[in-house]
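Here is the input, now give the coordinates:
(one chain, ligands or ions: 1)
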Amino acid sequence: MSTLWTQRYAQRTQRMHSSALGDLLKLTEPSSVISFAGGLPAADMFPITELQEACQRVLAEHGARALQYGPTQGYRPLRELITRHTARYGITITPDHVLVASGAQQALDLIGKVFINPGDRILVEAPTHVGALQAWNSYQAEYVSVPLDAEGIQMDLVEGALRSGPKLLYVLPNFHNPTGITLSLARRLKLMAQADHYGVPIIEDDPYGQLRYEGEHIAPLAVLDGRLHTREAPPYSGNVLYLSTFSQTLAPGLRLGWIIAPMEVMQRLVHAKQGADLQTSLFVQMVAHEVAQGGFLDHHVRDLRVIYRERRDAMLMALRHYFPPEATWTEPQGGLFIWVTLPPTLDATTVLQEALAANVAFAPGPAFFAQGGGHHMMRLNFTCMEPDRIAEGIRRLGGVLTHCMEQSA
Ligand SMILES: Cc1ncc(COP(=O)(O)O)c(C=O)c1O
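Numbering: from 1, shown residues only. Sure thing, here's the model as predicted:
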């Protein structure tokens, strides 16, 4: 039945729908389900007491200011803190290069609003972060996708993709969501050189960079870009927009992320944000600043690394023990995710139905591909539960896989 509304929706809504992953997460809500499906940090590690105390201090000492409207670009002391933290990775910026957003998800949306016309192509990894696809689908983006291997995006395929004229290149160099893969330094250098050669700007999405459990830190693309151009001044005027978030280091419920951008882009992003929500909650920014300053954040991230490393190791051990030998998986050096490749005869979406009946869940591969694929792949999140529960969930899932393989033989 056609209503008055039906003929009035904008064309862009045809590409807006809830992600298959979002729908799936609803099925995994009952506590009997051991769910590896979400992208969740550990709720048992949220700094609840520190946040509670910070809320009280902010309201007691700066209540009137915290509850007033604030600057669109963000609370200056928080932008200064982000500037100092970013400098440790060699990214030289001023607070004027930082826009505080309501989560990195809003940062992705603002980038879409500022850059994407209907039909513009974005070069993405295959697989890639589903939230980016969801944000950019609403701006009617098209995609050209390049597969990953163990070292990240496959450079022999990138050049062809760049030649096809994408407007932007979106890449997750550290502990990639969904695969956990880290882009090697050699490939980062090649990627920067090629993107520069073809004049394609880069969106570097780095929510997990601080969550490294082993191995050496690798320079962000934003740093390599600066070296490539050895500019005298001004700082940070190159070809990379860098995104990160407090979701992984404090809590996702704060909805606090940021974009680092050259000044000319910053102006446009600020205009876009003004139209979207005027500002990110000043109260929340002040609370996050209050908690993060004075060394707490560093201390807390160190604790997270220890706990997450144990949980990753528990999952890897359980996979070796319980999964059929035909399955393979990544061994991430950090982040939240392990990516499993099943024998191609298995369909992860079908396996999921059986897994849910056994009270265990994962995220099936196809959701993460812009142009199809991944039917026999799955993402497992290892950070949000204790090692014993991880082992029990992987045991259940291993049993389901073995059963599905016997049936498909
Ligand atoms: C790669 C990537 N980018 C962005 C986000 C969004 O983060 P936020 O919670 O800051 O919106 C996530 C969260 O899952 C992510 O994995």
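
Please name the residues that touch the closest residue to residue 338 other than its chain neighbours.
Nearest residue to residue 338, sequence neighbours excluded (C-beta to C-beta, 6 or more residues apart in numbering): residue 380, at 4.7 Å. For every residue, glycine as well, the C-beta is placed using N, CA and C. Residues in contact with residue 380 (C-beta atoms under 8 Å, 6 or more residues apart in numbering) are 36, 315, 329, 337, 338, 339, 340, 362, 363.

Up against the ligand, what does the stretch 1-150 of the chain have?
Neighbours of the ligand within the stretch 1-150 of the chain, by C-beta under 6 Å from any ligand atom: 39, 103, 104, 105, 129, 131.

where exactly do the strands run in the stretch 201-350 of the chain?
Applying DSSP state E, counting those that start in this stretch to the stretch 201-350 of the chain gives strands spanning 202-205, 240-245, 257-260, 328-329, 337-341.

For these, give me a markdown table that also has mean pLDDT, mean neighbour count and distance to residue 77.
Formatted as a markdown table, the strands of the stretch 201-350 of the chain follow (pLDDT from 0 to 100; neighbours: other C-beta atoms under 10 Å; distance: least, C-beta to C-beta, whole Å):
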| stretch | mean pLDDT | mean neighbour count | distance to residue 77 |
| --- | --- | --- | --- |
| strand 202-205 | 98 | 25 | 25 |
| strand 240-245 | 98 | 25 | 18 |
| strand 257-260 | 98 | 25 | 14 |
| strand 328-329 | 98 | 16 | 42 |
| strand 337-341 | 98 | 22 | 33 |
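
Relative to residue 195, which of those is closest?
Closest approach to residue 195 among the strands of the stretch 201-350 of the chain is made by strand 202-205 (5.5 Å; C-beta to C-beta).

What is the closest one packed up against?
helix 103-115, strand 168-171, helix 185-198, helix 221-229, strand 240-245 (3 or more C-beta pairs under 8 Å, 6 or more residues apart in numbering; DSSP states H and E).

Identify all contacting residues around that strand.
Residues from elsewhere that reach strand 202-205, judged by C-beta under 8 Å, 6+ apart: 104, 108, 111, 129, 132, 168-173, 191-192, 195, 220-222, 225, 239-243.

That strand near the ligand anywhere?
Yes - judged by C-beta under 6 Å from any ligand atom, strand 202-205 comes into contact with the ligand through residue 205.

Tell me how far that strand lies from the chain's centre.
Centroid separation between strand 202-205 and its chain, computed with C-alpha atoms, centre = their mean, to the nearest Å, is 11 Å.

Also stretch 247-255?
In terms of C-alpha atoms, centre = their mean, the gap separating the centre of stretch 247-255 from the centre of its chain is 12 Å.

okay, how far is it across it, tip to tip?
The first and last residues of stretch 247-255 sit 7 Å apart, counting by C-alpha to C-alpha, to the nearest Å.

hmm, that stretch touching the ligand?
Yes - Stretch 247-255 comes into contact with the ligand (C-beta under 6 Å from any ligand atom), by way of 247, 252.
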